[in-house]
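>>> Following is a predicted model, sequence given first.
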Amino acid sequence: MAQADSPFQPRPVPGQPSVSKLVLLGSGSVGKSSLALRYVKHDFKSVVPTVGCAFFTKVVDLGASSLKLEIWDTAGQEKYHSVCHLYFRGANAALLVYDITQKDSFHKAQQWLAELEKEHPVGEVVVMLVGNKTDLGEQREVTLQEGKEFAESKNLLFMETSAKLNDQVSEVFSTVAQELLRREKVRKSHTPGNEAVDLNEGPARQARCCAH
Ligand SMILES: Nc1nc2c(ncn2[C@@H]2O[C@H](COP(=O)(O)OP(=O)(O)OP(=O)(O)O)[C@@H](O)[C@H]2O)c(=O)[nH]1
């Protein structure tokens, strides 16, 4: 699934959207590939476990602005963990995905956050906690409240999704993209000569709560 262009660093090109690297992290079978496939290819099908990493790109259209996301889908299986560290270097955003029907995957998502924080100072990366498979609500082991509280305690964005039913999937990616753009604006506003921006503007607060 690798694309032709080099995925390592955002490269501002005049007239082109900014580029950000987003990594999908989480245990095996939580639905990382399915979320990426649903978002990028508008498809849901049985996918084989990821080996190493798969790579997608998508331009997110946010009306007045747009952003190109390089989406790195990492393998969740334990045997690939050492390799995954290489992939999240240089990430601007991360989705920490768990399966709402597997408590253990929720704990693993918390461990992934700790791993991520070892490589990136807290706050440098836009991180969203994503509870996937809401269509399997009757088998739920992680409550909405538990997800929400953990996210709030770590100042993460939070949403629940169903890749299968296409519920909240594009909202996850567009919310992260909006937050990346918002932070870029803030950074630019700190550059001498640039105009001030309204820091209260932006979607991040609403995304910390979940519509379900
Ligand atoms: N019911 C339901 N099943 C899902 C959903 N998302 C993914 N699945 C299924 O869960 C299984 C694992 O999905 P993947 O997308 O391969 O999971 P992954 O996290 O990428 O797995 P690894 O590649 O091993 O890390 C597959 O059988 C998917 O069809 C969902 O929203 N609802």
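In hand now; what should we look at? Numbering: from 1, shown residues only.
>>> Could you look up the SS state of residue 121?
coil (DSSP: H, G, I helix; E, B strand; the rest coil).
>>> likewise residue 176?
Applying three-state DSSP: residue 176 is helix.
>>> for it, what are its contacts?
By CB atoms under 8 Å, 6 or more residues apart in numbering, the residues touching residue 176 are 22, 69, 93, 95, 126, 128, 157. Any C-beta I mention is one placed from the backbone N, CA and C, and that applies to glycine too.
>>> Which pair in those residues has the greatest spatial separation?
69 and 157 (14.8 Å; CB to CB).
>>> For this protein, which segments count as helices?
Using DSSP state H, the helices of the chain run over 32-41, 81-88, 103-119, 144-153, 169-189, 204-207.
>>> restrict the contacts of residue 176 to contacts with the ligand.
Among the contacts of residue 176, not one lies near the ligand by CB under 6 Å from any ligand atom.
>>> Save the residues you listed as a markdown table, and put in distance to residue 116 and pLDDT too.
Formatted as a markdown table, the contacts of residue 176 follow (distance: CB to CB, whole Å; pLDDT from 0 to 100):
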| residue | distance to residue 116 | pLDDT |
| --- | --- | --- |
| 22 | 12 | 95 |
| 69 | 17 | 95 |
| 93 | 11 | 96 |
| 95 | 11 | 96 |
| 126 | 11 | 96 |
| 128 | 12 | 98 |
| 157 | 14 | 98 |
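>>> Separate out the buried members of these.
Buried members of the contacts of residue 176, counted by 16 or more other CB atoms under 10 Å: 22, 69, 93, 95, 126, 128, 157.
>>> contacting residues around the nearest residue in space to the first one that is not next to it in sequence?
This points to residue 22. Nearest residue to residue 22 in three dimensions, chain neighbours excluded: residue 93, at 4.2 Å (CB to CB, 6 or more residues apart in numbering). Residue 93 is in contact with 20, 21, 22, 23, 69, 125, 126, 127, 128, 176, 179, 180, counting by CB under 8 Å, 6+ apart.
>>> and the third one, bridged to which residues?
With beta bridges defined as DSSP bridges, residue 22 has these partners: residue 71, residue 93.
>>> Does it touch residue 69 like I think?
Yes: here residue 22 reaches residue 69: they are 5.2 Å apart, a contact under CB atoms under 8 Å.
>>> Give the intersection of the neighbour lists for these two.
93, 173, 176.
>>> closest to the ligand among those?
residue 173 (15.0 Å; CB to the nearest ligand atom).
>>> circling back: rank the helices of the chain by pLDDT, which is bottom?
When those are compared by mean pLDDT, helix 204-207 comes last with a mean of 42.
>>> any idea how far the ligand is from the residue minimising distance to the centre of the chain?
In the chain, the centroid-proximal residue (CA atoms, centre = their mean) is residue 95; its distance is 2.8 Å. From residue 95 over to the ligand the distance is 11 Å, taken as CB to the nearest ligand atom, to the nearest Å.
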